[in-house]
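> Provided below are the primary sequence and the corresponding predicted coordinates.
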Protein chains: 2
Amino acid sequence: MPRTPRQDRARATVDAIVEAGFIALSQRGPAATTTRHIAEIAGVGVGSLYEYFENKEAIFNVMSQRFIKDTVAMIKPLTPTLVRMPIDAAIRTLLNEFKDFLEMNDGRYLKCVRHAMAVDFELHLDPLFQVLNEVIMRYLMSHPETLQIRRIPAMAYIGINGGIFAVIRHLSDPDPMISFDELADGLAAMIGHYITQELKEREALAASET
Amino acid sequence: MPRTPRQDRARATVDAIVEAGFIALSQRGPAATTTRHIAEIAGVGVGSLYEYFENKEAIFNVMSQRFIKDTVAMIKPLTPTLVRMPIDAAIRTLLNEFKDFLEMNDGRYLKCVRHAMAVDFELHLDPLFQVLNEVIMRYLMSHPETLQIRRIPAMAYIGINGGIFAVIRHLSDPDPMISFDELADGLAAMIGHYITQELKEREALAASET
DNA sequence: TGATTTTTCCGAATTGAATCCGAACAAGCG
DNA sequence: CGCTTGTTCGGATTCAATTCGGAAAAATCA
């Protein structure tokens, strides 16, 4: 039965364990990350891990949650800036920020994210999808003419999924066929062209109705 | 030292082990899939696993390779049909075939694919990327006017990644915001609009040059 | 065919990592 | 200070992965 920490001392060990988890996972990979290792890096006895975590998996879970929380915290403050930009610039900016974020701390997050995704694909990613949907909604509000385009939910779904996984895959690829800039430019152009084309079609439709 | 099977009997056990791996993994998930389990389902002694596989991971690896091989075998014969279709219909068809393929055998592949991806993200996926690139190249050849659009490599990269991961995520999502048809329609429209818009821009450019 | 070699199969024994547990240590509190 | 509660620890335990040595089956040979 894992307990919740009451004293600062205990909260510090929990933090140290999670931090050690990130370090061990990024250094050795998931298979070679043992409880002894995590404990050693955290400067803590093995038994202590089980005071606050059900098992090793639970440590990975809160690591995953913390990663998503940090990602959301990184994106949220960008919203006001993004909604003021042209769509293609906004997408490029967002992708580059995400890239830099993943490469922080010697790529620690990037190295961890694949394994984290494997542990649970749907659960922890949710807040990230929510905040990105929020960004999109605000964008649409700030550009009312875009509200008439079709398939907004589908485009959001595709754009978010495509964006996240394309970036992660690209950064993980030792020999990518295209540069990161080409990737970002491509995604931006794809969405940009979609919107342009939709607006034209709507316009033509409106004209033919009068 | 794992050996390679010489006799038919041995090849049958190897097959049974891999098959059992798929069954165990889809029934119990990666964490609960033990070597005893796999051996039991395969109707084989535990020791036999290690006759032909370095370790448990190696079993998962050939499962992953077999999955990709089956996927490629599913896609390849579709190529001639796909290249004759309008782009949006081609994309919808491909996505639906992929969906049906993943849901075969009571969703066995779908249940396995997440874990398989985690084990190695880049290596085994390669043949799938190759065959999809091949499909795209043939498509472009069959529709010469599309050869003048820009960012073809980036679009292929984004389309393939976006397509694969969007489908897997959607099928894994217990409560998706959009239907599968909306997803497929969205991807088709996104690419379709991109091409339309590009062709228009190329055309305008050509006209202004004369 | 019978002998010999190679291949295959097995499951008890070993190994090592994950997890448990109870003693020892610190903090808050009267 | 005694008492209760929270915290830490690392040896003991458990359980899955892997090894090993020999028995059974098939292939090859004389």
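Okay, I see it.

> And DNA strand C, is the helix or strand of chain A with the lowest mean pLDDT touching that?
Across the helices and strands of chain A, the lowest-confidence element by mean pLDDT, DSSP states H and E is helix A:87-119, at a mean of 89. No - contact of helix A:87-119 with DNA strand C (CB under 7 Å from any atom of the strand) is absent, the minimum separation being 13.2 Å. Backbone N, C-alpha and C define where each C-beta goes, glycine included.

> Which SSE is immediately downstream of that helix?
Sequence order places helix A:126-142 as the next helix or strand after helix A:87-119, per DSSP states H and E.

> by how many degrees do that next one and helix A:87-119 diverge?
Angle, helix A:126-142 to helix A:87-119, by axes from the mean of the first three to the mean of the last three CA atoms, to 10 degrees: 170 degrees.

> buried ones in helix A:126-142?
A:L128, A:F129, A:V131, A:L132, A:V135, A:I136, A:Y139, A:L140 (16 or more other CB atoms under 10 Å in any protein chain shown).

> for the record, mean pLDDT for that helix?
Taken as a whole, helix A:126-142 carries a mean pLDDT of 96.

> repeat for stretch A:7-21
The average pLDDT for stretch A:7-21 rounds to 95.

> ok, and what's touching it?
With CB atoms under 8 Å, 6 or more residues apart in numbering or on different chains as the contact definition, stretch A:7-21 has outside contacts at A:5, A:33, A:38-44, A:48-49, A:51-53, A:59-60, A:62-63, A:66.

> can you give me how far that stretch is from the chain middle?
Its chain's C-alpha centre and that of stretch A:7-21 lie 24 Å apart, by CA atoms, centre = their mean, to the nearest Å.

> Check stretch A:135-145 too.
21 Å.

> now check that stretch, is it near chain B?
No - if you take CB under 8 Å from any CB of the partner chain as the test, stretch A:135-145 misses chain B, and the best it gets is 12.2 Å.

> Count the residues that sit near the residue of chain A at minimum distance from DNA strand D.
Distances between chain A and DNA strand D by CB to the nearest atom of the strand are smallest at A:G47, namely 1.6 Å. By other CB atoms under 10 Å in any protein chain shown, 9 other residues sit near A:G47.

> Dihedrals phi and psi, it?
With angles defined as degrees, to the nearest 10, A:G47 sits at phi -60, psi -30.

> Distance check, it against A:A12.
According to CB to CB, to the nearest Å, A:G47 stands 17 Å off from A:A12.

> Make JSON lines out of the buried residues of helix A:126-142 and add distance to DNA strand D.
Compiled in JSON lines, those are given as follows (distance: CB to the nearest atom of the strand, whole Å):
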{"residue": "A:L128", "distance to DNA strand D": "31"}
{"residue": "A:F129", "distance to DNA strand D": "33"}
{"residue": "A:V131", "distance to DNA strand D": "32"}
{"residue": "A:L132", "distance to DNA strand D": "36"}
{"residue": "A:V135", "distance to DNA strand D": "38"}
{"residue": "A:I136", "distance to DNA strand D": "42"}
{"residue": "A:Y139", "distance to DNA strand D": "44"}
{"residue": "A:L140", "distance to DNA strand D": "47"}
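
> all strands for chain A, in order.
Ranges of strands in chain A, per DSSP state E: none exist.

> wait, A:A154 sits on B:I178?
Yes - between A:A154 and B:I178 a contact is recorded at 5.3 Å, counting by CB atoms under 8 Å.

> If you count surrounding residues, which of these two has more?
Each of A:A154 and B:I178 has its neighbours counted (other CB under 10 Å); A:A154 has more, 22 against 18.

> quick one: contacts for the closest residue to that one other than its chain neighbours?
Distance criterion CB to CB, 6 or more residues apart in numbering or on different chains; nearest residue to A:A154, sequence neighbours excluded, is B:G186 at 3.0 Å. Contact analysis of B:G186 by CB under 8 Å, 6+ apart lists A:R151, A:A154, A:M155, A:Y157, A:I158, B:I178.

> any idea how far B:G186 lies from A:L94?
On the measure of CB to CB, B:G186 and A:L94 end up 19 Å apart.

> got the residues of chain A near chain B?
So chain A meets chain B at A:31, A:57, A:114-115, A:117-118, A:121-122, A:150-151, A:153-155, A:157-158, A:161-162, A:165-166, A:169-170, A:172-174, A:176-178, A:182-183, A:185-187, A:189-191, A:193-194, A:196-198 (CB under 8 Å from any CB).

> In contact with A:Y139, which residues?
A:L82, A:V83, A:I87, A:A90, A:T146 are the contacts of A:Y139 under CB under 8 Å, 6+ apart.

> how does it look with 6 Å?
Contacts for A:Y139 (CB atoms under 6 Å, 6 or more residues apart in numbering or on different chains) come out as A:V83.

> Endpoints of stretch A:142-161, how far apart?
Stretch A:142-161 has an end-to-end distance of 23 Å (CA to CA, to the nearest Å).

> Go through that stretch and flag the buried ones.
So, applying 16+ other CB under 10 Å, buried residues of stretch A:142-161: A:I149, A:R151, A:I152, A:A154, A:M155, A:A156, A:Y157, A:I158, A:G159, A:I160, A:N161.

> Likewise for stretch A:157-174?
For stretch A:157-174, burial by neighbour count (16+ other CB under 10 Å) applies to A:157-172.

> can you check stretch A:76-94 too?
A:L82, A:V83, A:I87, A:D88, A:A90, A:I91, A:R92, A:T93, A:L94.

> got a list of contacts for it?
Contacts of stretch A:76-94 (CB under 6 Å, 6+ apart): A:V135, A:R138, A:Y139, A:S142, A:A184, A:L187, A:A188, A:I191, A:G192.

> how about the fourth one, what does it touch?
By that I understand A:S142. Under the criterion of CB under 6 Å, 6+ apart, the neighbours of A:S142 are A:V83.

> Apply 10 Å and report the result again.
Residues near A:S142 by CB atoms under 10 Å, 6 or more residues apart in numbering or on different chains: A:P80, A:L82, A:V83, A:R84, A:M85.

> try the last one
Contacts of A:G192 were listed using CB under 10 Å, 6+ apart, and they are A:P86, A:I87, A:D88, A:A89, A:A90, A:I91, A:D185, B:H193, B:Y194, B:Q197.

> I'd like the distance between the second one and DNA strand C.
When you say that, I think you mean A:I87. Look at A:I87 and DNA strand C: by CB to the nearest atom of the strand, to the nearest Å, they are 46 Å apart.
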